[in-house]
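Trainee: Below are the sequence and a predicted model for it; my questions follow.
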Amino acid sequence: MTAAASAARPRRRVLLLGAGLLTAVLVLVVARVLLGTPFVYADLAVRVLLGEDVPGVSFIVLDDRLPAALVGVLAGASFGLSGTVFQTLLRNPLASPDVIGVSLGSSAAAVFALAVLDAQGLTLFWWTLLGGLATALLVLWVARAHRAGGAGAGGAGAVDDRFVLVGIGVAAALTALIQYLLSRMPTQRAGDAMHWLVGSLSGATWPRLAVLAGALCVLVPLLALLLGRLRILQLGDDTATSLGLPVPATRIALVVVGVLLSALPVAVAGPLAFVAFLSGPIARMLAGRPSVPLAALVGAVLVLAADVAGQNLFGRIDLAAGVITGALGAPFLLWMLVRSAAGSGR
């Protein structure tokens, strides 16, 4: 087998996996629109999508289920991209926005805005974004990850481990803050905040979808431009600097993009637990190597599958997507911790 053929095999595998995951996304979108109570027949859904007004069905398809399905696609893809950015940048599979506190920073800011400012709409959206960004910058500053080789003798690896450890500590503090704010809120508002904190697509609307789609139209091309620099960073700070890469500025740019990709779906759908954490490792296991596009598709599949399952597999009980993703992510996190401990003990 020639070298060219050997190099083409992984690329072909990624393309086939991408096609399979994209097909799964489309099937899940259809399932999210048709399944549920009441069940919508495919011919009626097609008539609605073609512009016909079908009493009862038009509202269910256009105002309820289709926006939820599309928000699920974009939110899952955004979480997947964000998790992969952090995990690759910090060279640590545990370094997802869920684990290091970025998602909790967004949530804490949103709960604060709800509790103190009675924020709604775009005001709540901006508080969520700023909370995630402020948390990431705080963790970045405390861990001194903005300095190339800032961990001293430990080098870049020590910086990456310190970032994760500091993030876990900040996440614990933010959890306490959220609990305190919830305890001080009126019962009705605390219930609304708790529902949002679980992570759900039930509040998806066309305006929220438009905001998320517009932001991703800016962030995804920006991330594509930074991916080349991210690959250079994987060679080590010293090598990247010798190649002319501005390491601190590049690291901060990637962190900001990663935070925005995480905070945007939190603002729209709540903190869907562990989607960012799961997407990158699952994509890597499927493809045999890291893949940013596959991580985005895996994230979309996870969110949609969780939402479809929560709406249809538990009888009369509707479970939010965040409950399902949390149930999947917790054992996976434990498995990753056990595997990391076993690897380090060798």
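Mentor: Cool, the structure landed.
Trainee: Relative to P281, how far out is T128?
Mentor: Counting by CB to CB, to the nearest Å, the separation of T128 from P281 is 26 Å. C-beta: built from backbone N, CA, C; applies to glycine.
Trainee: of the two, who's got more company?
Mentor: Using other CB atoms under 10 Å, the more surrounded residue of T128 and P281 is T128, with 28 against 21.
Trainee: From the contact counts, what lies against the helix or strand hosting S78?
Mentor: Per DSSP states H and E, S78 falls inside helix 66-89. Counting contacts by 3 or more CB pairs under 8 Å, 6 or more residues apart in numbering; DSSP states H and E, helix 66-89 packs against helix 3-34, helix 206-233, helix 247-269, helix 275-287, helix 292-312.
Trainee: Measure how far it is from the centre of its chain, please.
Mentor: Distance of helix 66-89 from its chain centroid, counting by CA atoms, centre = their mean, to the nearest Å, is 4 Å.
Trainee: Starting from it, tell me the next helix or strand along the chain.
Mentor: helix 102-112.
Trainee: Now tell me what touches that following helix from outside.
Mentor: For helix 102-112, contacts defined as CB atoms under 8 Å, 6 or more residues apart in numbering pick out 86, 97, 119, 124, 127-136, 138-139, 167, 170-171, 174-175, 177-178, 181-182, 193, 196-197, 258-259, 262-263, 266-267, 270-271, 276.
Trainee: And the contacts of the helix or strand just after that helix?
Mentor: Where DSSP H and E defines the elements, the next helix or strand beyond helix 102-112 is helix 121-142. By CB under 8 Å, 6+ apart, the list of residues contacting helix 121-142 from outside reads 97, 100-110, 112-114, 117, 119, 145-146, 163, 166-167, 170, 174, 211, 252, 255-256, 258-260, 262-264, 266-268.
Trainee: Of those residues, keep whichever come out buried.
Mentor: Listed as buried from the contacts of helix 121-142 are 97, 100-110, 112-114, 119, 145-146, 163, 166-167, 170, 174, 211, 252, 255-256, 258-260, 262-264, 266-268; burial here means 16 or more other CB atoms under 10 Å.
Trainee: shaky segments in the stretch 51-200 of the chain?
Mentor: Along the stretch 51-200 of the chain, segments meeting pLDDT under 70 span 144-161.
Trainee: try 90 this time
Mentor: Within the stretch 51-200 of the chain, the segments meeting pLDDT under 90 span 51-57, 86-107, 110-172, 175, 179, 181-200.
Trainee: how about A213, what does it touch?
Mentor: Counting by CB under 8 Å, 6+ apart, A213 touches L74.
Trainee: Can you give me the neighbour number for R289?
Mentor: Burial measure for R289: 11 neighbouring residues, criterion other CB under 10 Å.
Trainee: Next one: the residue nearest the centre of the chain from A300, what distance?
Mentor: The structure's the chain has its C-alpha centroid closest to F79; by CA atoms, centre = their mean the separation is 1.6 Å. Separation of F79 from A300 (CB to CB): 9 Å.
Trainee: One more: M185?
Mentor: Counting by CB to CB, the gap from M185 to A300 is 33 Å.
Trainee: Which one's more surrounded, these two?
Mentor: Set M185 next to A300 and count neighbours by other CB under 10 Å: A300 wins out with 27 against 18.
Trainee: Verify the contact between that one and V71 for me.
Mentor: No - in this structure, A300 is not within contact of V71 by CB atoms under 8 Å, at 10.7 Å.
Trainee: In terms of secondary structure, what does the helix or strand harbouring R47 contact?
Mentor: Assessed by DSSP H and E, R47 sits inside helix 42-49. Where contact means 3+ CB pairs under 8 Å, 6+ apart, helix 42-49 is packed against helix 3-34, helix 57-58.
Trainee: contacting residues around the residue nearest to A45 when sequence neighbours are not counted?
Mentor: Nearest residue to A45 in three dimensions, chain neighbours excluded: V61, at 5.4 Å (CB to CB, 6 or more residues apart in numbering). V61 makes contacts with V33, V40, A45, V48, L49, as judged by CB under 8 Å, 6+ apart.
Trainee: From these, pick the one nearest R189.
Mentor: Closest approach to R189 among these (CB to CB): V33, at 31.7 Å.
Trainee: And the closest one, how far from P265?
Mentor: Note on V33: its distance to P265, by CB to CB, is 20 Å.
Trainee: Setting aside sequence neighbours, what's the nearest residue to G329?
Mentor: F274 (2.3 Å).
Trainee: That neighbour: neighbouring residues, count only.
Mentor: By the measure other CB under 10 Å, the count of residues near F274 is 25.
Trainee: Touching, it and F332? I think so.
Mentor: Yes - the criterion here is CB under 8 Å, and F274 meets it with F332 at 7.1 Å.
Trainee: Work out for me the element I178 sits within.
Mentor: Using DSSP H and E, I178 falls within helix 155-184.
Trainee: mind checking pLDDT for A283?
Mentor: A283 carries a pLDDT score of 91 in this model.
Trainee: so which of the helices and strands packed on helix 42-49 comes closest to V292?
Mentor: Ranking the helices and strands packed on helix 42-49 by proximity to V292 (CB to CB) places helix 3-34 first, at 10.6 Å.
Trainee: quick one: the closest one to helix 275-287, angle?
Mentor: Interaxial angle, helix 3-34 versus helix 275-287 (axes from the mean of the first three to the mean of the last three CA atoms, to 10 degrees): 140 degrees.
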